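[1] Take this sequence and fold it.
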Amino acid sequence: MAEYKCFHCGKEIKSTSLKKRFICPDCGSKIFYKPRNKMKTVSAD
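    Numbers count the residues shown, from 1 in each chain. As a prediction, the model looks like this:
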């Protein structure tokens, strides 16, 4: 199950609640993005 964020209002939306149409249930925006996980950087000593 993918998670998206609305670009306009910032609400997290699960792909199951979007079904066939990509429209934010809160603000009606059609622009979404997938938040990326933050990666730790490790330096070699």
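[2] contacting residues around stretch 34-41?
    Residues external to stretch 34-41 that are found in contact with it (C-beta atoms under 8 Å, 6 or more residues apart in numbering): Ala2, Glu3, Tyr4, Lys5. Backbone N, C-alpha and C define where each C-beta goes, glycine included.
[3] What remains of the residues you listed if I keep only buried residues?
    Neighbour-count burial within these applies to Tyr4, Lys5; the criterion is 16 or more other C-beta atoms under 10 Å.
[4] pLDDT, distance to Lys11 and secondary structure added to the contacts of stretch 34-41, as TSV?
    Compiled in TSV, those are given as follows (pLDDT from 0 to 100; distance: C-beta to C-beta, whole Å; DSSP: H, G, I helix; E, B strand; the rest coil):
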residue	pLDDT	distance to Lys11	secondary structure
Ala2	77	15	coil
Glu3	84	11	strand
Tyr4	84	9	strand
Lys5	88	7	strand
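[5] which among the contacts of stretch 34-41 gets closest to Cys27?
    The nearest member of these to Cys27, counting by C-beta to C-beta, is Lys5 at 12.0 Å.
[6] hey, what's the closest one bridged with?
    In this structure, Lys5 has the following beta-bridge partners (DSSP bridges): Glu12, Tyr33.
[7] and it, what is it in contact with?
    Counted by C-beta under 8 Å, 6+ apart, Lys5 has contacts Lys11, Glu12, Ile13, Phe32, Tyr33, Lys34, Pro35.
[8] can you tell me which two in those are farthest apart?
    Lys11 and Lys34 (14.0 Å).
[9] Between these two, tell me which one has more neighbours.
    More neighbours sit around Lys11 than around the other of Lys11 and Lys34, counting by other C-beta atoms under 10 Å; the figures are 13 against 9.
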